[in-house]
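Trainee: what shape does this take:
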Amino acid sequence: MNHFLLPGNGPGGMSGGDMSRYGVHLMELLINGILKRGGRRDRLEAKIFGGAKTIASFSNVGEQNATFATQFLRDEGIAIVGSSTGGEFGRKLEYWPVSGRARTYPLTGAETQKTVAQEQRPARPAKPVESSIEFF
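Mentor: Numbers count the residues shown, from 1 in each chain. Down below sits the predicted model:
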């Protein structure tokens with residue numbers, strides 16, 4: 001399962017924790033992680049959920065994320081076997097990784113706004129990525 005905040009690969013010159021918000025970086029990590037654990041590329045399938053425009057005053061980053069994910073998967077030759085994207089309200093997603101089964105429940109406007117408010121709380125600062133290496 002993957003959840004990214006921003007489509008694409010972000011501005012040039014980014015590295016480390018900054019990249020963890022962007023779709024390209026997270027999709028590559030997910031796919032490579034599956035392949036490293038014995039997954040076969042020809043058997044990969046995907047389902048896409050989300051992309052609602054939950055904050056009217058913001059650009060429609062949700063739609064951009066859904067469009068990015070769809071195009072990325074097509075470019076990589078990964079079959080999209082299900083999707084539920086767009087709209088004005090969020091979704092609750094249940095996922096069973098062994099079977100690949102997924103189920104979504106639409107959130108009400110009040111539930112969506114509560115979730116948005118929680119996501120807009122200031123996050124704790126990320127730990128800086130250490131770039132020095134110490135050899136013993």
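
Trainee: which parts of the protein are strands?
Mentor: For the chain, the strands defined by DSSP state E cover 45-50, 79-85, 91-96, 101-106.

Trainee: now Asp65: how far from Gly23?
Mentor: One thing to correct before we go on: residue 65 is Asn, not Asp. Asn65 sits 7 Å away from Gly23, going by Cβ to Cβ, to the nearest Å. The C-beta positions use only the backbone N, C-alpha and C, and glycine is treated the same way.

Trainee: on that earlier part again, okay, the strands of the chain in CSV with distance to Gly38 next?
Mentor: Converted to CSV, the strands of the chain look like this (distance: least, Cβ to Cβ, whole Å):
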stretch, distance to Gly38
strand 45-50, 16
strand 79-85, 19
strand 91-96, 20
strand 101-106, 21
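
Trainee: please identify the most buried of those.
Mentor: strand 45-50 (a mean of 18; mean count of other Cβ atoms under 10 Å).

Trainee: packing partners of that strand?
Mentor: Contact analysis of strand 45-50 by 3 or more Cβ pairs under 8 Å, 6 or more residues apart in numbering; DSSP states H and E lists helix 61-76, strand 79-85, strand 91-96, strand 101-106 as its packing neighbours.

Trainee: and Gly87, backbone torsions?
Mentor: phi 90, psi -180 (degrees, to the nearest 10).

Trainee: what count of nearby residues applies to it?
Mentor: 16 (other Cβ atoms under 10 Å).

Trainee: contacting residues around Val98?
Mentor: With Cβ atoms under 8 Å, 6 or more residues apart in numbering as the criterion, no residue contacts Val98.

Trainee: which pLDDT value goes with it?
Mentor: For Val98, the pLDDT comes out at 90.

Trainee: how far away is it from Asn2?
Mentor: Per Cβ to Cβ, Val98 is found 18 Å from Asn2.

Trainee: same deal with Arg43?
Mentor: 17 Å.

Trainee: could you do Pro125 as well?
Mentor: Counting by Cβ to Cβ, the separation of Pro125 from Asn2 is 24 Å.
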